[in-house]
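Novice: I would like to see how this sequence folds:
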Amino acid sequence: MINHYLSKVIEGDVSAYSYIVNQYKNMAFSIALRVVNNREDAEEVTQDAFLKAYNSLKKFNHKSKFSTWLYTIVYNTAISKIRKNKKKSAIIQLNDEDIENINIEDIDNILVKFDEEDKKKVVNLAINKLSETEKLIITLYYLSEKSINKIIEITNFSNSNIKVILYRSRKKMYDELKFKSDKLGMNETKKTIIK
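Specialist: Numbering: from 1, shown residues only. Reported below is the predicted structural model:
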């Protein structure tokens, strides 16, 4: 369906682009916000990214999904914004020796103990404990449901870097959720390994 609107935009139908913007603006903003950590800057990054995408639409070669291509533009625009503001980028570079026998703790056993309203609150609290890079990777992987290969395309991080960031993020979230669960007297929570 999106290809239909992309074709219309390329043919000169500017109004078709508003449909595309509406389809992707929330996730684009979410990615921008995770990188720049400021709502005003994230709005500017999102607008700039959509403008860049519009101006480059004829260069989109359909080798990847449109969303992956767009999110790459959003990510790169956000990184440029950080550099312009002379802020430190939150990009993590890890060595191969950091990656050995990574087991991933399952947080589902904790989450089932909370009702839906509390579950959202504790998950948001846990996510807010993560670094900006960890938030970005978690957002792409879980909310956007991007594969590790797609995240590599968007961020230019290595495969092992993405896996380590995912592991560390989930571990931090597990620890935070376990703490919240224990605080509520739900200490029968146990860890299981995700394969």
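
Novice: only C-alpha atoms for contact and neighbour calcs from this point on.
Specialist: Noted.

Novice: Would you mind giving the domain segments of the chain?
Specialist: 2-84, 96-194 (automatic domain parsing).

Novice: Looking at the protein, which helix is longest?
Specialist: As assigned by DSSP state H, the longest helix anywhere in the chain is helix 159-183.

Novice: in stretch 144-154, what's buried?
Specialist: Of the residues in stretch 144-154, 144, 146, 148, 150-154 count as buried by neighbour count, 16 or more other Cα atoms under 10 Å.

Novice: Same check on stretch 44-56?
Specialist: Of the residues in stretch 44-56, those buried (16+ other Cα under 10 Å) are 45-50, 53-54.

Novice: any idea which of those residues is the one closest to Ser131?
Specialist: Val45 (19.5 Å; Cα to Cα).

Novice: so that closest one touches Ala78, yeah?
Specialist: Yes - if you go by Cα atoms under 8 Å, Val45 and Ala78 touch, sitting 5.7 Å apart.

Novice: from the buried residues of stretch 144-154, which is closest to Asn61?
Specialist: Looking across the buried residues of stretch 144-154 and measuring by Cα to Cα, the closest to Asn61 is Glu153, at 14.3 Å.

Novice: so the closest one makes contact with Thr72?
Specialist: Yes - counting by Cα under 8 Å, Thr72 is a contact partner of Glu153 at 7.1 Å.

Novice: Spit out the contact partners of Asp175.
Specialist: For Asp175, the contact set (Cα atoms under 8 Å, 6 or more residues apart in numbering) is empty.

Novice: Tell me how far it lies from Arg168.
Specialist: Relative to Arg168, Asp175 is positioned 10 Å away (Cα to Cα, to the nearest Å).

Novice: Next: Ala16.
Specialist: Applying Cα to Cα, the value for Ala16 to Arg168 is 41 Å.

Novice: swap in Ser30?
Specialist: Ser30 is 21 Å from Arg168, by Cα to Cα.

Novice: and those two? which has more neighbours close in?
Specialist: Between Ser30 and Arg168, counted using other Cα atoms under 10 Å, the more crowded position is Ser30 (22 against 17).

Novice: just checking, what packs against the host helix or strand of the more buried one?
Specialist: Element membership of Ser30, judged by DSSP states H and E, is helix 15-36. Using 3 or more Cα pairs under 8 Å, 6 or more residues apart in numbering; DSSP states H and E as the contact test, the elements touching helix 15-36 are helix 2-10, helix 39-56, helix 66-84, helix 132-138.
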